[in-house]
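**Student:** Here is a sequence together with a model predicted from it:
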Amino acid sequence: MPLANQTEPIIAACCAALGIARSRVEVSVSIVSPARMRTLNRTHRSKDKPTDVLSFPLYTRTELSTLMKKRGILPVGDIFINRSDVKKRFAFLVVHGFLHLCGYDHETSKKEERIMFTLQDEILSHLRN
């Protein structure tokens, strides 16, 4: 199945778990080379190495919540996935990236890490069933 066909049900599951209407969310998912991922990671995170997924949210979690009440369709940001990680972990990377777009960040605190990873596990479990 082409990745484009796999992306929609993953994003829909993320939206359902977060209580967001899928029809109101716009997200970009790009598959890039390891070299491009390294450049993005170096430019935006000052880490000179490739990574598996990067997310570039347009809003904080609070802003997103407020804007969802006011706007019809809301662009939430961009997810970049390293091509070398796509085959084995595509669903995980999309879910992980989408949660970052929605303001979740496992790197800010242990509490946030637990919240994000619990949500991530719930979504992935739902997708497997």
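**Tutor:** It's in.

**Student:** contacts, neighbours, all on C-alpha from now
**Tutor:** OK.

**Student:** Would you mark the buried spots in the helix or strand of the chain with the lowest mean pLDDT?
**Tutor:** Across the helices and strands of the chain, mean pLDDT, DSSP states H and E gives its lowest value to helix 61-70, namely a mean of 83. Burial within helix 61-70, assessed by neighbour count using 16 or more other CA atoms under 10 Å, is assigned to Arg61, Leu64.

**Student:** for it, packing partners?
**Tutor:** strand 74-82 (3 or more CA pairs under 8 Å, 6 or more residues apart in numbering; DSSP states H and E).

**Student:** Parallel or antiparallel, list what pairs with the strand it packs on.
**Tutor:** strand 25-32 (parallel), strand 53-57 (antiparallel) (DSSP bridges).

**Student:** That one - what's its average pLDDT?
**Tutor:** Averaging pLDDT along strand 74-82 yields 94.

**Student:** ok, and what's touching the helix or strand just after it?
**Tutor:** Toward the C-terminus, strand 74-82 is succeeded by helix 86-101 as the next helix or strand (DSSP states H and E). Helix 86-101 has contacts (CA atoms under 8 Å, 6 or more residues apart in numbering) with 7, 10-11, 14, 29, 31, 52-59, 76-79, 81, 105, 116, 120, 123-124.

**Student:** Could you pick out the buried ones from those residues?
**Tutor:** Looks like these have 10-11, 14, 29, 31, 52-59, 76-79, 81, 105, 116, 120, 123-124 buried, using 16+ other CA under 10 Å.

**Student:** In CSV: the strands paired with strand 74-82, plus mean pLDDT.
**Tutor:** Shown next, in CSV, are those (pLDDT from 0 to 100):
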stretch, mean pLDDT
strand 25-32, 94
strand 53-57, 95
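
**Student:** so can I have CSV of these showing distance to Glu112?
**Tutor:** As requested, these are exported to CSV (distance: least, CA to CA, whole Å):
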stretch, distance to Glu112
strand 25-32, 23
strand 53-57, 17
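
**Student:** quick check: angle from the longest helix anywhere in the chain to helix 86-101?
**Tutor:** The residue-count maximum for a helix in the chain (DSSP state H) belongs to helix 110-128. Here helix 110-128 runs at an angle of 130 degrees relative to helix 86-101 (axes from the mean of the first three to the mean of the last three CA atoms, to 10 degrees).
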